[in-house]
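> What follows is a protein structure lacking sequence information:
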């Protein structure tokens, strides 16, 4: 109830911002980083609390970079196993 009262006193842009951040946070919590980043980028376009949004986008970028490194390491390990299997 308190949440809806707060939102009813906000303007359209503020409500849209909160909605985008909520969606982004929900995706971030379940580690769906690309959709989370997309919502954060949309929120950034509204120019409300830009530092907070930029920090969330940076965190998504950091985790996505780590994810890519892990994938490349796993690919390299898989190639080594396949080559070892073929050779022996």
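Arrived safely. The structure presented is a predicted model; accordingly, all values stated were derived computationally and were not measured.

> What is the lengthiest helix in the chain packed up against?
Of all the segments of type helix in the chain, defined by DSSP state H, the longest one is helix 50-87. If you count contacts as 3 or more Cβ pairs under 8 Å, 6 or more residues apart in numbering; DSSP states H and E, helix 50-87 packs onto helix 12-29, helix 33-44. Any C-beta I mention is one placed from the backbone N, CA and C, and that applies to glycine too.

> Of all the ones you listed, which one comes closest to residue 86?
helix 33-44 (34.9 Å; Cβ to Cβ).

> Can you give me the buried ones in that closest one?
33, 36, 37, 38, 39, 40, 42, 43, 44 (16 or more other Cβ atoms under 10 Å).

> From the contact counts, what lies against that helix?
Partner elements for helix 33-44 (3+ Cβ pairs under 8 Å, 6+ apart): helix 12-29, helix 50-87.

> Run through who's touching the shortest one.
Yep, that's helix 12-29 we're talking about. Contact with helix 12-29 is made by 7, 10, 33, 35-40, 42-43, 46, 48-49, 53, 56, 59-60, as judged by Cβ atoms under 8 Å, 6 or more residues apart in numbering.

> 7 Å - rerun?
7, 35, 36, 39, 40, 42, 43, 46, 48, 56 (Cβ atoms under 7 Å, 6 or more residues apart in numbering).

> Report the two of the residues you listed separated the most.
That would be 7 and 35, which, of the contacts of helix 12-29, are the farthest apart (Cβ to Cβ) at 22.5 Å.

> OK, contacts around the residue lying closest to residue 20 once chain neighbours are set aside?
The shortest distance from residue 20 to any non-neighbouring residue, by Cβ to Cβ, 6 or more residues apart in numbering, is to residue 43 (4.0 Å). Residues near residue 43 by Cβ under 7 Å, 6+ apart: 17, 20, 21, 24, 53.

> pLDDT score for the second one?
Here the pLDDT value assigned to residue 20 is 97.

> residues near it, how many?
21 (other Cβ atoms under 10 Å).
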